[in-house]
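> Fold the following.
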Amino acid sequence: MLKNILNKLKSVIFKGDNHLGVTNIRYLPRWIVICIDIFILTLSILAANLIMRNLNISFYPTFNFYERSGIILGVNIFFFLFFKTYAGLIRHSTFTDIVKLFLASFSTFGVLVVFNYSYLYFTGSKIYILPGLIIYIFFSFSLLLLFRVVVKQVYLLFKDHKGNHIKKRVVILGTDDNAISVAEALTTDSIRPFELVGFLSNNKKYKNIRILGKPVIQYQHSICENLRDYNVQGVLIMGDTLSKNEKNDLVDDCLSKEILIYNVPMVEEWNKNTDLTNQIKIIQIEDLLNREVIALDNHLIAKDLHNKVILITGGAGSIGSELVRQIAKFEPKLLVILDQAETALHEIENEMQEYFPELNFITELANISNMYRLALLFERHEFNVIYHAAAYKHVPIIERNPHEAIYVNILGTMNLAKLAIANNITKFVMISTDKAVNPTNVMGASKRAAEMYVQSIQKERGVQTRFITTRFGNVLGSNGSVIPHFKRQIAKGGPVTVTHPDIIRYFMT
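Now for the predicted structure:
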């Protein structure tokens, strides 16, 4: 039990980048910290010596002042290095840093006491007198702690003054551990774009209570009823804090008062590699839909994707890019992202490098109607699975340019299917559209023709590739969807236009 506690304490104290790094310029501030700490120790020795001299009390004979000071400084500096009190940034000092200071100071005291009485036992004289040592430890620990507190407060005041004009004043809904963790994250680093005003609660026991120095704002019927009094610009809600209906009511209430709603992930869902600010998102339309999340059998999916070479065509599009994000989580052996849109391909490449730095992936700029280009790609990589999402999908544009639908949607699919069979690809998944059902436009007809080809080629003798077709329809918020179009119209002040007063749209999320 004791061993486990000591190991836990050791991991907390020594975790992270604690090397002194003499030759690395980014560690220079740590040397400055050590120099300042040594200066504080020297002041403490002088203060303790001055006090002891003014007491005029007879003590055991001791070493002279310079010898005593050298021993005390040497032992104290050793424990600074041992506990690495210099390792943390002073402006971000935490309780762990205080614990390190405490351990360094009182380990110094313990060792010096042992030295002192060991020397007394063998020689009959002391190195230093105990009251002076106690005074020194008290002064040194207090001044070291004060130095860190002052630096941190000055830094926070400076940052607050510098960044206040661009911060959004927000409140956090709830007073549980998750809410407090988010509040601590927001208040620890004041360069974040949010200024925490307080917490929201309808629990009467929190009336006139403050948490982390921020007030708990009471509400009865409407969550946003009292927020104007505090000049609040946004409300942060955590995960499933509210039911769907409560969330809809909150949005209606707050938007009518021009207050934004932000979603914050639960603490256990935080991405440790990404700043919390980047994980706080304005609430999306899909968050307000009363739809249950479908639980997938990730173990079964992993068998198809883990350690496999996978090709995703149209990988920079709205559906293709989401396929890339989801498949990346299953750690494929190689993920090849193909698209003909240069800018979008560059964006998904940057995203993968940021969020999946360990992922083995490449991007390929190519048009699937170019059989020669695809053949070279299949020669270079031994694909196991193909997700075919590349297609032209904007109905009005394809209606005016039907030849492009034939080249890409039909011929491109044929090219990929032929290469899949020739290279014995295990699985070929074609992403189609609901507009292929009894098509009334060129785009839908081209996708239906591609479906029919894939279905027919599956029936040929000797074909080992398994062909699968799945239809998507009106993916909420995707490129070309009406939702982004409506958002732009609303942002401009309206009007919001529809093709018919009785039109009904169904969306996938």
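> which secondary structure elements does the helix or strand containing residue 344 contact?
Element membership for residue 344, per DSSP states H and E: helix 342-355. Under the contact definition 3 or more Cβ pairs under 8 Å, 6 or more residues apart in numbering; DSSP states H and E, helix 342-355 sits against helix 318-328, strand 334-339, strand 361-365. For the C-beta atoms, the positions are set from N, CA and C on the backbone; glycine is no exception.
> per-residue confidence averaged over that helix?
Averaged across helix 342-355, the pLDDT comes to 94.
> now swap in stretch 437-456 and tell me
91.
> How about stretch 394-410?
Mean pLDDT, computed over stretch 394-410, is 92.
> start to end distance for that stretch?
Length of stretch 394-410, first residue to last, Cα to Cα, to the nearest Å: 15 Å.
> Go ahead and name everything in contact with it.
Stretch 394-410 has contacts (Cβ atoms under 8 Å, 6 or more residues apart in numbering) with 367-369, 390-392, 435, 441-447, 449-450, 453, 480.
> which of those residues are buried?
Buried subset of the contacts of stretch 394-410 (neighbour count, 16 or more other Cβ atoms under 10 Å): 368-369, 390-392, 435, 442-447, 449-450, 453.
> how about these, which pair is most distant?
Greatest spatial distance in these: 369 and 435, 20.3 Å, computed using Cβ to Cβ.
> one step back: and the angle from the helix holding residue 344 to strand 334-339?
150 degrees (axes from the mean of the first three to the mean of the last three Cα atoms, to 10 degrees).
> which outside residues touch helix 342-355?
Helix 342-355 is contacted from outside by 271, 273-274, 315-317, 321, 324-325, 328, 337, 339, 359, 361, 363, 365, using Cβ under 8 Å, 6+ apart.
> So which of those residues is surrounded by the most neighbours?
Neighbour counts for those peak at residue 315, which has 30 neighbours (criterion: other Cβ atoms under 10 Å).
> Please tell me the pLDDT value assigned to it.
94.
> quick revisit: tell me the one of the buried ones among the contacts of stretch 394-410 nearest residue 222?
For the buried ones among the contacts of stretch 394-410, the nearest to residue 222 is residue 435 (43.0 Å; Cβ to Cβ).
> Now do the same for that closest one: helix, strand or coil?
Recorded secondary structure, residue 435: helix (DSSP: H, G, I helix; E, B strand; the rest coil).
> That one and residue 447 touch, don't they?
Yes - counting by Cβ atoms under 8 Å, residue 435 touches residue 447, with 6.6 Å between them.
> got the buried residues for the biggest helix by length in the chain?
Of all the segments of type helix in the chain, defined by DSSP state H, the longest one is helix 130-163. Across helix 130-163, burial judged by 16+ other Cβ under 10 Å covers 132-133, 135-137, 139-141, 143-145, 147-148, 151-152, 155.
> who does residue 214 bridge with?
residue 211 (DSSP bridges).
> quick one: which of the buried ones among the contacts of stretch 394-410 sit in strands?
Assigned to strands by DSSP state E, none of the buried ones among the contacts of stretch 394-410 qualify.
> Take these and keep only those in helices.
Those of the buried ones among the contacts of stretch 394-410 lying in helices (DSSP H): 442, 443, 444, 445, 446, 447, 449, 450, 453.
> how close does the third one get to residue 499?
With distances taken as Cβ to Cβ, to the nearest Å, residue 444 is found 16 Å from residue 499.
> next one: residue 51
Separation of residue 51 from residue 499 (Cβ to Cβ): 88 Å.
> So between the two, which is more surrounded?
Between residue 51 and residue 499, counted using other Cβ under 10 Å, residue 51 has the larger neighbour count: 14 against 7.
> Now the more buried one: which helix or strand?
Here residue 51 is assigned to helix 28-55, by DSSP H and E.
> And that helix, what's buried?
Using 16+ other Cβ under 10 Å as the test for burial, helix 28-55 gives 30, 33, 34, 37, 40, 41, 44, 45, 47, 48, 49, 52.
> Likewise for stretch 199-209?
199, 200, 201, 206.
> Give the full set of residues in contact with the third one.
Contact criterion Cβ under 8 Å, 6+ apart gives 174, 175, 216, 217, 218, 219 as the residues in contact with residue 201.
> Just the local confidence number for residue 137, please.
In this prediction, residue 137 carries a pLDDT score of 87.
> Look up how far residue 63 lies from the residue nearest to it when sequence neighbours are not counted.
In space, residue 137 comes closest to residue 109 once its chain neighbours are excluded; the distance is 4.8 Å by Cβ to Cβ, 6 or more residues apart in numbering. The spacing between residue 109 and residue 63, counted by Cβ to Cβ, is 17 Å.
> if you count what's nearby, which of the two comes out ahead?
Comparing residue 109 with residue 63 by other Cβ under 10 Å, the one with more neighbours is residue 109, at 22 against 15.
> pretty sure that one contacts residue 133?
Yes - between residue 109 and residue 133 there is a contact under Cβ under 8 Å: 6.7 Å.
> ok so, going back, how about the helix holding residue 344: buried residues?
Neighbour-count burial for helix 342-355, counted by 16+ other Cβ under 10 Å, picks out 344, 345, 348, 349, 352.
> how far out from the middle of the chain is it?
Here helix 342-355 is found 17 Å from its chain centre; the criterion is Cα atoms, centre = their mean, to the nearest Å.
> swap in stretch 336-355?
Computed by Cα atoms, centre = their mean, the chain-centroid distance of stretch 336-355 equals 20 Å.
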